[in-house]
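J.: Could you look at this predicted model? Sequence included:
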2 protein chains.
Amino acid sequence: MANSDGIIDWRSVCPISSALDVLGDKWSLLIIRDLLIHGPRTYSQLLESPERISTNILATRLELLTCLRLIERTSPEAASRNNAYRLTEQGAALRPVLEALGKWAGTHLTDFHATIVKM
Amino acid sequence: MANSDGIIDWRSVCPISSALDVLGDKWSLLIIRDLLIHGPRTYSQLLESPERISTNILATRLELLTCLRLIERTSPEAASRNNAYRLTEQGAALRPVLEALGKWAGTHLTDFHATIVKM
């Protein structure tokens, strides 16, 4: 995530760490997921996803993903709220990450749904 | 992530969303990475990773990953700080996720290292 100066705080040179520096949160990959599944989506359409992202988190993530050139506006000159976002080539290249995450969860997390984790 | 009652707050039934409910942060997958690369690691060894995880975040993540049965102690009866953690079968099954993340970042994030993101 970018700090207050707009600089990504890279923790190390490890590619996995760098990927998590920009995508290591609960929401960014869900936006990528929606654009992979549905194609271009407007801000309002992205808000309608079942996970119910909040407006401020969505706006922040869309801005960061655009700066990182993982997504882009379909009509950059139009007002932002009426615009659609689509994946760039490097955003679409995250498909194998999402497929691996989904496959893993489908196999290994099923038992945990709706259960209490004793902590 | 578990809430204050120790219950995972599943946002939807989507496997990708569920994976991010438990692993969607900047640190959990780095702990998995270290255990995949090095084999069993103690709390102190995990603190020495180049990303410099803080003690409280490491303790919280180890507890959650243990509850989710992604990692386990090598000697459960020993004092926790002197114990080593290793991956369970379902933790080791995250290898394709990490490989996909690393491959993506190695290809698509290189240009962004040490650059300013204009926000």
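T.: Looks like it came in fine.
J.: Give me the three-state assignment for A:D25.
T.: coil (DSSP: H, G, I helix; E, B strand; the rest coil).
J.: show me what contacts it?
T.: By Cβ atoms under 8 Å, 6 or more residues apart in numbering or on different chains, the contact set of A:D25 is A:1, A:61, B:24-26. Any C-beta I mention is one placed from the backbone N, CA and C, and that applies to glycine too.
J.: Could you say which of those is surrounded by the most neighbours?
T.: Using other Cβ atoms under 10 Å in any protein chain shown as the neighbour test, these are led by B:G24, with 24 neighbours.
J.: isn't that residue right next to A:L29, touching?
T.: Yes: counting by Cβ atoms under 8 Å, A:L29 is a contact partner of B:G24 at 7.4 Å.
J.: Against B:T55, how distant is the most centrally placed residue in chain A?
T.: Central residue of chain A (Cα atoms, centre = their mean): A:S28, 2.0 Å from the mean position. To B:T55, A:S28 is 27 Å away according to Cβ to Cβ, to the nearest Å.
J.: now do A:L87
T.: 38 Å.
J.: Can you pull out the low-pLDDT segments for chain A?
T.: Where chain A drops to pLDDT under 70, the residues are A:1-7, A:79-82, A:111-119.
J.: can you give me the strands in it?
T.: With DSSP state E as the criterion, chain A has strands at A:41-42, A:71-73, A:84-87.
J.: between the contacts of A:D25, which is nearest A:N83?
T.: A:R61 (15.1 Å; Cβ to Cβ).
J.: from what I can see the closest one touches A:W27, true?
T.: Yes: in this structure, A:R61 is within contact of A:W27 by Cβ under 8 Å, at 5.5 Å.
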